[in-house]
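A.B. asks: Got a predicted structure here, sequence first:
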Amino acid sequence: MTRLFITLILSLISLNSFSQNDTLNTDTLKRVSQVTITDSKNNNMGVPQLGEKHLLIFYPDPEVATQNSHLTDYLEENQIESDSIYAFGIVNLKDAPFFPNSLVRFIARQKIKKTGAQIFFDPNHAIKDGWNLGEVDDTFTIMFITKDLEIAFIKRGYLDESDVKEFYKVIDKYK
């Protein structure tokens, strides 16, 4: 049990995940609106830069925190250079009942200090419900939201080589 807990914590630190491969249909998810999330100190806030910049959002369930490491690790080392794109993570706390929220926030604060990453939290499915994402439990969802509030890319689950190519085509279009 201790080994499992340590593995899960280390996986959370990397903010990646294991899960099934599932592409969401952007035809039914064309636009998003502002919702309330929280910062690492549990203060309420809106999604930062929504409607002001293009947003690259990583939305992992921390219980499955190692999927898509091939992409997220690469992006940590090779950040997207664009003044018009703002990238960050929003941790889906609601679907991680075995992780105390305070522990997840503590680990995130450590990652923020170490890497400078921006990490926020969704403690009550505001993103899932407000943006009509469907089932996000045990998944790592990657979204690209334009400054016009349109979903240009959304993928739930493991991104294979063709998904990564599609991802970069969208990024290049909005740089």
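C.D. replies: Looks like it arrived, so ask away. What you are looking at is a predicted structure, and each value in this text was computed from that prediction instead of being measured.

A.B. asks: In terms of secondary structure, what does the helix or strand where F153 lies contact?
C.D. replies: Taking DSSP states H and E as the criterion, the element that holds F153 is strand 151-156. In terms of contacts (3 or more Cβ pairs under 8 Å, 6 or more residues apart in numbering; DSSP states H and E), strand 151-156 is packed against strand 22-23, strand 140-145, helix 161-174. C-beta coordinates here come from the backbone N, C-alpha and C atoms, glycine included.

A.B. asks: Single out the most deeply packed of the ones you listed.
C.D. replies: Compared across the helices and strands packed on strand 151-156, strand 140-145 shows the largest average neighbour count, a mean of 24 (mean count of other Cβ atoms under 10 Å).

A.B. asks: Please state the offset of that strand from the chain centre?
C.D. replies: Its chain's C-alpha centre and that of strand 140-145 lie 6 Å apart, by Cα atoms, centre = their mean, to the nearest Å.

A.B. asks: and that strand with strand 151-156, angle?
C.D. replies: Here strand 140-145 points in a direction 180 degrees away from that of strand 151-156 (axes from the mean of the first three to the mean of the last three Cα atoms, to 10 degrees).

A.B. asks: Partner strands of strand 140-145 and their direction?
C.D. replies: As defined by DSSP bridges, the strand partners of strand 140-145 come to strand 54-60 (antiparallel), strand 151-156 (antiparallel).

A.B. asks: Check what contacts that strand and list those residues.
C.D. replies: Defining contact as Cβ atoms under 8 Å, 6 or more residues apart in numbering, one finds that strand 140-145 is touched by 16-17, 19, 24, 32, 50, 54-61, 64-65, 67-68, 71, 133, 151-159, 167, 170-171, 174.

A.B. asks: Of these, keep whichever come out buried.
C.D. replies: Neighbour-count burial (16 or more other Cβ atoms under 10 Å) applied to these gives 16-17, 19, 24, 32, 50, 54-61, 64-65, 67-68, 71, 133, 151-159, 167, 170-171, 174.
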